[in-house]
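Engineer: Here is the input, now give the coordinates:
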Amino acid sequence: MHRILTSGGAPASGDGAEVLHRLRAEAQGNPQVQAGGGVKLEDIPALAGLDGIHLSARSQATRGASGPGGGDSAFDVTSAELVAAAAAALAACR
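Structural biologist: The predicted structure is shown next:
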């Protein structure tokens, strides 16, 4: 089984939802079509029914200055709250 990760040619997957659903219908499961790129929680209802949705679910965290001489202290982490909200949004579509 193969899978493609795409935004449907749009800058963000939510904007390419119509194309993504058309691709999935034409592919009939091979390859699978997974939405990816700029996915936001509010996009999930429009993307439901695809073979997958890739969501970074990231937020920024800080833990003091980094490296010698300081530097930027912010870094990305996966947000458990965003993951839970995405799962709830997807479950509401079923």
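
Engineer: For the rest of this, base every contact and every neighbour count on C-alpha atoms.
Structural biologist: Will do.

Engineer: so residue 45 sits in a helix?
Structural biologist: Yes - checked against DSSP: H, G, I helix; E, B strand; the rest coil, residue 45 lies within a helix.

Engineer: Verify the contact between it and residue 91 for me.
Structural biologist: No - using Cα atoms under 8 Å, residue 45 makes no contact with residue 91, being 9.6 Å away.

Engineer: More neighbours: the two, which one.
Structural biologist: Neighbour count, other Cα atoms under 10 Å: between residue 45 and residue 91, residue 45 has more, with 17 against 11.

Engineer: for residue 52, phi and psi?
Structural biologist: Main-chain torsions, residue 52, degrees, to the nearest 10: phi -180, psi 160.

Engineer: Can you tell me the element the nearest residue to it once chain neighbours are set aside falls in?
Structural biologist: In space, and not counting its chain neighbours, residue 52 is closest to residue 34: 4.3 Å by Cα to Cα, 6 or more residues apart in numbering. Counting by DSSP states H and E, the element that carries residue 34 is strand 32-36.

Engineer: What of residue 87?
Structural biologist: helix 80-92.
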